[in-house]
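S.K.: heads up, no residue letters with this:
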Ligand SMILES: [Zn+2]
């Protein structure tokens, strides 16, 4: 029996309210205090196309982190202190599955892009920060963000068909050798962080984690055959919303603007 969307949205609202009063900051893990609840942090800021009341892009953050970030690109804010990325992934991993399913796909895409950059930088050892700067200059960062969105959108459309048919949830993904690298001072390797994101995605799509990993590999391999695939339309650089991405709008995208993955979801 499909669960009405209003009910799912209600679950997200309740969870957010609970975390704002009793949870921890999504970036620095500072706890909410009885006299000082956390703030509503927009992962996609209004200045970059997010909407103020859109619960699907809101996470709990302490006033300090919220203010420090301002409307900086989330990827850059996370990578400035990579522990923020770990904290963010832990936040998502502790959300109930029905709430994870309500989170905007763009939020996952930003994390995916950040993890990709982190993995590349980890290979540079001590010089990872200067390498990160190079990787993010000009339109490079936006190309990656766009590629991450496209990837997740493609998977979203494909996995919609198999949703709930296989055993869903995080599996035991074994990181490859390259993924065992870590940034100095980080407690977890890039592969472990990636496995954590894939686990969350598997809950969202209601498929096994191994399936998500396989589909990602398949999709990225297909792009490597297509030289134009990672090209970034100018719109995505100037404005951050789905709706302004211009050409190649996939089917169902318009509806997705309001309800990211909500076609007749089974209870
Ligand atoms: Zn904080």
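M.R.: Perfect, I can see it now. What you are looking at is a predicted structure, and each value in this text was computed from that prediction instead of being measured. Residues are numbered from 1 along each chain as shown.
S.K.: from here on, contacts and neighbour counts on C-alpha atoms
M.R.: Noted.
S.K.: I'd like the distance between residue 17 and residue 223.
M.R.: Taking CA to CA, to the nearest Å as the measure, residue 17 falls 40 Å from residue 223.
S.K.: neighbour count winner among those two?
M.R.: residue 17 (18 against 14; other CA atoms under 10 Å).
S.K.: The more buried one belongs to a helix, doesn't it?
M.R.: Yes: according to DSSP: H, G, I helix; E, B strand; the rest coil, residue 17 belongs to a helix.
S.K.: In contact with residue 56: list those residues for me.
M.R.: 12, 102-104 (CA atoms under 8 Å, 6 or more residues apart in numbering).
S.K.: middle-most residue in the chain, spatially?
M.R.: For the chain, the residue nearest the mean C-alpha position is residue 108 (1.6 Å; CA atoms, centre = their mean).
S.K.: give the contact list for it.
M.R.: Residue 108 touches residue 201, counting by CA under 8 Å, 6+ apart.
S.K.: all helices of this structure, in order?
M.R.: 5-22, 63-69, 74-80, 83-93, 97-100, 105-122, 128-135, 140-159, 190-205, 209-225, 234-238, 253-256 (DSSP state H).
S.K.: To residue 38, which of these lies closest?
M.R.: When the helices of the chain are compared by CA to CA, helix 5-22 sits nearest residue 38, at 4.8 Å.
S.K.: I'd like the mean pLDDT over the closest one, please.
M.R.: The average pLDDT within helix 5-22 is 87.
S.K.: for it, packing partners?
M.R.: The contact analysis (3 or more CA pairs under 8 Å, 6 or more residues apart in numbering; DSSP states H and E) places helix 5-22 against strand 58-61, helix 97-100.
S.K.: Could you report the distance from the residue nearest to the centre of the chain to the ion?
M.R.: Distance, residue 108 to the ion, using CA to the ion, to the nearest Å: 20 Å.
S.K.: what do you get for residue 192?
M.R.: 23 Å.
S.K.: cool, and residue 57?
M.R.: For residue 57, the distance to the ion equals 17 Å [CA to the ion].
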